[in-house]
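Trainee: dropping the sequence and predicted coords here.
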Amino acid sequence: MARYTGPQSKIARKFREPIFGPDKALEKKNYPPGMHGLAKKRAKQSEYAIQLQEKQKVKYAYGILEKQFANIFDRASRARGVTGEVLIQLIELRLDNTVYRLGIAPTRMAARQLVSHRHITVNGNVVNIPSYTLKVGDVVAVREKSKSLEIISNALASNSSSFPWLDWNADKAEGKVIAIPARSEVPENIKEQLIVELYSR
């Protein structure tokens, strides 16, 4: 399955959450898409359907393919700690997500494109793999010749978010991973236990 590139508002309405960021369409129509809208009677979801929907929501929000997600869960299940929390930590430590969290890109999709187009370095070396997993101490920076890109300068100018596990140096246009993100530091509305239960079937 290819990565989703269709209408984001449609997906946000499906999950009834602004998983791609602020969404005016979702605010106006906070119900699933479809020709009957709110009038359509929907059958009660099974436990499996609820668990599957939670996994799909995370995949869409972070732009992760099915096989990638399964591999991340496998790593999380073999690691020390609570599987659900480790899963979220591994997803957060992906290079594309960290570029987004640092404010270098306005969206995760844009962050993935910046990484793929070789605008980002890790510890001084160009890394063009969006799924690259960062470690504590890694330094993520914008390549010198890419600092003048409009998408990067606009994103940095409008960014007001900061995360305790990341340290941003505006003068050098680089950020450092200073800790493993705690579950409480991840703002997304994710019920990771449902995903663990899904894979435990």
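Mentor: Yes, it's here. What you see is a predicted model; the values in this text were computed from it and never measured.

Trainee: can we go C-alpha only for contacts and neighbour counts from here?
Mentor: Will do.

Trainee: following the worst-scoring helix or strand of the chain on mean pLDDT, which helix or strand shows up next?
Mentor: Counting by mean pLDDT, DSSP states H and E, the chain has its least confident helix or strand at helix 24-28, which shows a mean of 53. Next along the chain after helix 24-28, taking DSSP states H and E as the criterion, comes helix 47-62.

Trainee: which ones are touching the residue positioned nearest the centre of the chain?
Mentor: Taking Cα atoms, centre = their mean as the criterion, residue 62 is the residue nearest the geometric centre of the chain, at 3.0 Å. Residue 62 is in contact with 91, 97, 108, counting by Cα atoms under 8 Å, 6 or more residues apart in numbering.

Trainee: what's the second one in contact with, if anything?
Mentor: Contacts for residue 97 (Cα under 8 Å, 6+ apart) come out as 62, 91, 108, 111, 112.

Trainee: wait, residue 105 touches residue 150, no?
Mentor: No. Applying Cα atoms under 8 Å, one finds residue 105 not in contact with residue 150, separated by 10.3 Å.

Trainee: what's the neighbour count on the residue lying closest to residue 108 once chain neighbours are set aside?
Mentor: Excluding its sequence neighbours, the residue lying closest to residue 108 (Cα to Cα, 6 or more residues apart in numbering) is residue 100, at 5.5 Å. Residue 100: 19 surrounding residues under other Cα atoms under 10 Å.

Trainee: now do residue 58
Mentor: Residue 58, neighbours per other Cα under 10 Å, totals 21.

Trainee: can you report how many residues lie near the residue nearest to it when sequence neighbours are not counted?
Mentor: Distances taken as Cα to Cα, 6+ apart place residue 190 nearest to residue 58, at 7.2 Å, with adjacent residues excluded. By the criterion of other Cα under 10 Å, residue 190 has 15 neighbours.

Trainee: which SS class is residue 190?
Mentor: Following DSSP: H, G, I helix; E, B strand; the rest coil, we place residue 190 in the coil state.

Trainee: residues contacting the residue lying closest to residue 146 once chain neighbours are set aside?
Mentor: Nearest residue to residue 146, sequence neighbours excluded (Cα to Cα, 6+ apart): residue 119, at 5.8 Å. By Cα under 8 Å, 6+ apart, the contact list for residue 119 reads 126, 142, 143, 146.

Trainee: also residue 144?
Mentor: Per Cα under 8 Å, 6+ apart, neighbours of residue 144: none.

Trainee: and the pLDDT for it?
Mentor: Note on residue 144: pLDDT of 94.

Trainee: got it, and residue 15?
Mentor: Residue 15 is given a pLDDT of 52.

Trainee: next one: the one 3 residues further on
Mentor: As predicted, residue 18 sits at a pLDDT of 58.
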